[in-house]
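S.K.: The sequence and its predicted three-dimensional model are supplied below.
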Amino acid sequence: MNAPTSLPVSMPIPGHVDPVPVPRPVTPREDGRTDLIGLPRPQIAALFQEAGLDAKAAKLRAKQVFHWLYHRGVTTFEAMTDIAKTMRPWLAERFVIGRPQVVEAQVSTDGTRKWLLRTADGHDFEMVFIPDADRGTLCVSSQVGCTLNCRFCHTGTMKLVRNLTPGEIVGQVMLARDALGEWPKGSMAGLDLTDEVEEDADEGSYTADGRLLTNIVMMGMGEPLYNFDNVRDALKLVMDGDGLALSKRRITLSTAGVVPMMARAGEEIGVNLAVSLHAVTKDVRDEIVPINRKFGLEELLQACADYPGASNARRITFEYVMLKDRNDSDDDARELVRLLKQYKLPAKVNLIPFNPWPGAPYECSTPERVKRFAEIVFEAGISAPVRTPRGRDIDAACGQLKTAAERRSRAELDRLAAEKQAALG
Ligand code: SAH
């Protein structure tokens, strides 16, 4: 996103200075070629036409290439076997098939995987895959860093470096499929494309069953609704039936409460909504989720009530991090129930035990407290599962994402603070 007109990104949060009010645009590729990943099909066709194909050929090629990119996951034009042999180098001279670079891949003792990724212009971000018995969830980042400064979140201590592009967002899903070996093999049968088709060696059939990666949550680094256009464009590619073809019912977007963008998220993206609520009084929410000072609880809950597509069959998830003596009392639980009922919200509550990180100003509630809190909500008829923390040993759990380079500088800061403290007395 390089237009300064894109509203919310540049909105400062009262009491907090946005570190980079206008995100920096992506540095263009030095070799002059264009990365096709992240572009909608009509734009690919337009680029092919600009490069010299006539309109009809451009459209056909765009359809073929799109299918190879998003359905089959190829990373070279040479692998596009139904495209004429002479055409493939022509494409390769002008275009590239980008993937974020994998800097490091880690696996937790519980099977959770975390990847440290790098953009073409050298910024690091993370993505996490969480396998379960009946599903596999990819936790995708929307920004490098974050502007929100939620006090219990490690990512919140990073500055916002920039928004991720649609290609970098959809690229995470593609990388996960690469790593999990989940691109369908087989023929292009059914596509009905007229060209000199070569025999496809690896016959097989495309099946959506038995996949590891079944769900996507926009719950990695960043605030997706502060990068609305890019997140929307990326998720369109993820949902495109000719593309990655994941159902919108298997995608969840989580927001800390960017109220003005919530209706558009429902209308233009239409995925499941999760809201990082975390507190039920103004004072506490102002402290731990500072965006609350800009968009208050009432406004937020009203926007949830108005969220297009929410129903008892498609409930809104309210995330609630359990912080010892901060937001975990019986009264908090009862107030949570009261608010959800007052706004008649089709809701489920996800109770997240606080995941610690070095220097965090909070502790996790005791297991007994979490249990009691869950009971109160559950007894009021609202589903309130306690989320099992995953991947804590590799810092992949909620709120633990923070890139290594940043971590080092933070460690330095902590050391400096300690030295200063020692000097003072
Ligand atoms: N900005 C969006 C997307 C990030 S989702 C949002 O706030 O919803 C990341 C989730 O992990 C959020 O619900 C966040 O509040 C939660 N989280 C952050 N730090 C955490 C921590 N230390 N322990 C547990 N959950 C945390």
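M.R.: Cool, got the structure.

S.K.: Tell me the pLDDT of the residue of the chain found nearest the ligand.
M.R.: The ligand sits closest to G399 of the chain, with a gap of 1.7 Å, by C-beta to the nearest ligand atom. Any C-beta I mention is one placed from the backbone N, CA and C, and that applies to glycine too. Looking at G399, its pLDDT reads 76.

S.K.: Make 387 the starting number, not 1.
M.R.: Okay, using 387 as the starting number, the last item reads as G785.

S.K.: Surely it is in contact with L709?
M.R.: No: taking contacts as C-beta atoms under 8 Å, G785 lies outside contact range of L709: 11.1 Å.

S.K.: Show me the common contact partners of the two, please.
M.R.: Here G785 and L709 share the contacting residues F538, F740, scored by C-beta atoms under 8 Å, 6 or more residues apart in numbering.

S.K.: Give me the neighbour count for the nearest residue to Q688 once chain neighbours are set aside.
M.R.: Using C-beta to C-beta, 6 or more residues apart in numbering and skipping residues adjacent in sequence, the residue nearest Q688 is Y729, 6.7 Å away. Y729 has 16 neighbours, counted by other C-beta atoms under 10 Å.

S.K.: List the residues that contact Y729.
M.R.: L687, Q688, C690, A691.

S.K.: how about the helices in this protein?
M.R.: 427-436, 441-452, 473-480, 552-566, 614-625, 645-650, 668-674, 683-691, 716-728, 753-765, 790-810 (DSSP state H).

S.K.: out of those, which comes closest to F538?
M.R.: Evaluated with C-beta to C-beta, these place helix 668-674 nearest to F538, the distance being 5.8 Å.

S.K.: Mind giving me the packing neighbours of the closest one?
M.R.: On a contact count with 3 or more C-beta pairs under 8 Å, 6 or more residues apart in numbering; DSSP states H and E, helix 668-674 meets no helix or strand.

S.K.: Could I get the average pLDDT for it?
M.R.: For helix 668-674, mean pLDDT is 98.

S.K.: List the buried residues in that helix.
M.R.: By neighbour count with 16 or more other C-beta atoms under 10 Å, helix 668-674 contains the buried residues V670, R671, D672, E673, I674.

S.K.: Tell me the spacing between E653 and N535.
M.R.: Distance, E653 to N535, by C-beta to C-beta, to the nearest Å: 29 Å.

S.K.: try D507
M.R.: 24 Å.

S.K.: Those two: who's more crowded?
M.R.: N535 (22 against 13).

S.K.: Show the model's pLDDT score for the nearest residue to that one once chain neighbours are set aside.
M.R.: The shortest distance from N535 to any non-neighbouring residue, by C-beta to C-beta, 6+ apart, is to G542 (4.9 Å). With respect to pLDDT, G542 scores 76.

S.K.: ok, now which ones touch G542?
M.R.: Neighbours of G542 in contact, by C-beta under 8 Å, 6+ apart: C532, L534, N535, C536, G785.

S.K.: from these, which two are the most distant?
M.R.: N535 and G785 (12.5 Å).

S.K.: So which residues on the stretch 487-636 of the chain come close to the ligand?
M.R.: L534, C536, F538, C539, M605, E609 (C-beta under 6 Å from any ligand atom).

S.K.: I figured the fourth one was touching G785, is that so?
M.R.: Same thing as C539. Yes: counting by C-beta under 8 Å, G785 is a contact partner of C539 at 4.3 Å.
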